[in-house]
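K.L.:
the following comprises the amino acid sequence and a computationally predicted model.
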Amino acid sequence: MGKSFNKVWENCLSIIRDNIPYQSFKTWFEPIVPIKLENNVLTILVPSQFFYEWLEEHYINLLKKTLRKELGSNGRLEYSIVIDSSFNQRKPYTIQVPTSNIKATQNPSIAMPIDLNRGKSKEIPNPFIIPGLRKIKVQSQLVESYSFDSFIEGDCNRLARSAGYAVAEKPGETSFNPLFIYSNVGLGKTHLAHAVGIQVKNKYSDKIVLYVSTEQFIAQFIDAVRNNNQNDFIHFYQMIDVLIIDDIQFLSGKEKTQDVFFHIFNYLHQRDKQIVLTSDKAPVNMKGIEPRLLSRFKWGLAADLQTPDFETRIAILQKKLYKDGIKIPTDVIDYLAFSITTNVRELEGALISILAQSSLNKKCITIDLARQMIDKFVKNTAREISIDHIQKIVCDFFNIPLEQINSRTRKRNIVQARQLAMYFSKKHTNSSLATIGLHCGNKDHATVLHACRTVNNLSDTDKQFKSYVDELDKKIKT
Ligand code: ADP
Ligand code: MG
């Protein structure tokens with residue numbers, strides 16, 4: 001007559017309890033239910049695949065040791081895992097230990113029905129709602145206006161957009177899993193990520209979609225650890241059909257959160273749930289992310305968003321104006337699209353401030369107003385200094401009209417202003433000599449090079465001139 005399985009497990013627990021932090025014990029061992037002991041094999045019921053993997057990864061040695069102590073060297077452990085009930089086949093299966101090999105879970109050996117009520121039956125709290133509320137309702141957190149409809153397609157975003165669309169049509173069924181969208185700021189990652197979620201919701205109203213920022217995810221996890229309900233946090237995320245996590249680069253250096261995300265990722269991915277991630281960098285260029293997680297980021301499709309070209313920028317502005325029912329002169333739209341090139345958010349910001357200025361101060365919307373606003377904008381956001389900006393400062397300084405610099409005139413003072421504009425453009429922008437020449441009176445690159453040398457030489461020999469150069473430099477930089 002051997003020992004009862006309850007007794008064996010109790011003994012194991014008392015050893016385990018002394019060897020790990022209390023919180024971990026509560027999280028990972030209290031939910032376990034011993035089921036049977038047959039032929040020196042102890043079977044324990046664990047609430048999920050994820051749970052099993054976690055035990056295998058973090059506690060396998062401890063488990064082995066304690067079992068050996070209880071059952072002798074031929075004692076073994078088997079898990080019964082409660083499979084996600086969304087499969088509607090409530091058939092837990094068992095896996096034999098010692099394996100320490102998570103891959104074994106992909107080939108379950110036996111399937112046997114079991115009384116599931118012995119597992120966790122309590123409701124999983126939702127980290128998004130106030131604790132105490134009973135019913136789980138996953139708020140998708142999607143922003144209605146960030147739809148595919150309002151996302152302008154251009155060469156800059158075609159791949160990412162169509163991949164996003166494909167994923168939304170068949171979440172989890174394409175090879176784009178995860179879909180990894182990356183770009184510099186203000187180019188539409190967040191917008192596109194929402195668009196995918198909105199589209200899924202439109203097409204499959206029963207799918208659980210969740211948009212969450214990485215900061216929010218981290219904060220929830222920290223909370224869960226603090227309140228000792230990590231399990232609930234994890235279970236909540238395991239219910240999601242389409243998980244969208246924005247700005248995943250913020251996981252950098254957060255090892256614990258990466259760990260938990262790794263397991264959630266695996267859990268969802270194995271069940272063909274869709275994962276959408278955005279980042280400010282391509283996976284290869286990300287720093288501070290564990291290799292095993294990084295390699296998963298590359299499993300699906302990584303698609304980038306480039307800066308939109310002139311036509312796309314115009315289309316974006318027009319769409320926005322149309323949506324808001326506003327009309328402004330085309331030349332102003334052109335001017336905006338021409339002047340703000342690197343960031344859609346700035347483009348929209350400039351448009352909004354022009355609209356605000358015009359309605360607050362009852363001014364007509366003209367190119368002049370646009371120019372003033374953009375100058376302000378350029379200063380406020382410390383954008384890259386533009387050639388236009390430099391020309392304007394130089395002309396103001398010498399009190400000459402802006403057109404003169406771009407004319408063919410060879411008047412001495414104009415030539416000098418033009419040379420200074422070229423010199424500062426070389427110094428403060430990344431533009432090539434040819435581009436600078438083109439924008440400063442349609443000159444060639446040799447002329448720009450000559451201008452730079454002349455300014456350098458004069459600065460060395462002419463104190464007055466040098467003081468102009470220094471003063472201008474300050475003005476341009478502020
Ligand atoms: P990111 O997340 O890459 O920083 P966002 O998604 O927040 O950028 O985009 C910034 C702003 O630009 C948003 O208001 C968004 O609607 C707009 N935007 C970006 N790309 C497009 C596009 N292709 N069509 C329409 N609006 C866009
Ligand atoms: Mg964003």
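P.N.:
Ah, there it is. Since we're looking at a predicted model, the values are computed, not measured. Ligands and ions are numbered 1, 2, ... in the order given.

K.L.:
so which elements touch the helix or strand hosting Asp368?
P.N.:
Using DSSP states H and E, Asp368 maps to helix 367-380. Applying 3 or more C-beta pairs under 8 Å, 6 or more residues apart in numbering; DSSP states H and E, one finds that helix 367-380 makes contact with helix 330-339, helix 344-360, helix 387-398. In short, each C-beta sits where N, CA and C put it, glycine included.

K.L.:
which of those sits closest to ligand 1?
P.N.:
In terms of C-beta to the nearest ligand atom, the element of the helices and strands packed on helix 367-380 nearest to ligand 1 is helix 344-360, at 3.6 Å.

K.L.:
any weak-confidence spans in the stretch 101-250 of the chain?
P.N.:
101-137 (pLDDT under 70).

K.L.:
contact residues of it facing ligand 1?
P.N.:
Taking C-beta under 6 Å from any ligand atom as the contact definition, the stretch 101-250 of the chain meets ligand 1 at Ser150, Phe151, Ile152, Asn157, Ser183, Val185, Gly186, Leu187, Gly188, Lys189, Thr190, His191.

K.L.:
follow-up on the earlier one: okay, the angle between the helix holding Asp368 and helix 344-360?
P.N.:
Helix 367-380 and helix 344-360 are oriented at 130 degrees to each other (axes from the mean of the first three to the mean of the last three C-alpha atoms, to 10 degrees).

K.L.:
how far off centre is helix 367-380?
P.N.:
How far helix 367-380 lies from its chain's middle: 30 Å, per C-alpha atoms, centre = their mean, to the nearest Å.

K.L.:
next: stretch 260-270.
P.N.:
For stretch 260-270, the distance to the chain centre is 17 Å (C-alpha atoms, centre = their mean).

K.L.:
please save the CA atoms from that stretch in CSV.
P.N.:
What follows is stretch 260-270, C-alpha atoms only, in CSV (Å, rounded to 0.1, in the frame of the first residue of the first chain):
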residue,chain,number,x,y,z
VAL,A,260,6.0,36.9,-19.3
PHE,A,261,5.4,38.3,-22.8
PHE,A,262,7.5,35.5,-24.3
HIS,A,263,5.2,32.9,-22.8
ILE,A,264,2.0,34.8,-23.8
PHE,A,265,3.4,35.1,-27.3
ASN,A,266,4.1,31.4,-27.5
TYR,A,267,0.7,30.5,-26.1
LEU,A,268,-1.2,32.7,-28.6
HIS,A,269,1.0,31.9,-31.5
GLN,A,270,0.7,28.1,-31.0
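
K.L.:
list the buried residues for it?
P.N.:
Buried residues in stretch 260-270, counted by 16 or more other C-beta atoms under 10 Å: Val260, Phe261, Phe262, His263, Ile264, Phe265, Asn266, Tyr267, Leu268, His269.

K.L.:
contacting residues around the fourth one?
P.N.:
Each residue near His263 by C-beta atoms under 8 Å, 6 or more residues apart in numbering is listed here: Phe50, Glu53, Trp54, Ile234.

K.L.:
among these, which lie within helices?
P.N.:
Residues of those located in helices (DSSP state H): Phe50, Glu53, Trp54, Ile234.

K.L.:
so among the residues you listed, where is pLDDT lowest?
P.N.:
Taking the ones in helices among the contacts of His263 together, the minimum pLDDT is found at Phe50 (70).
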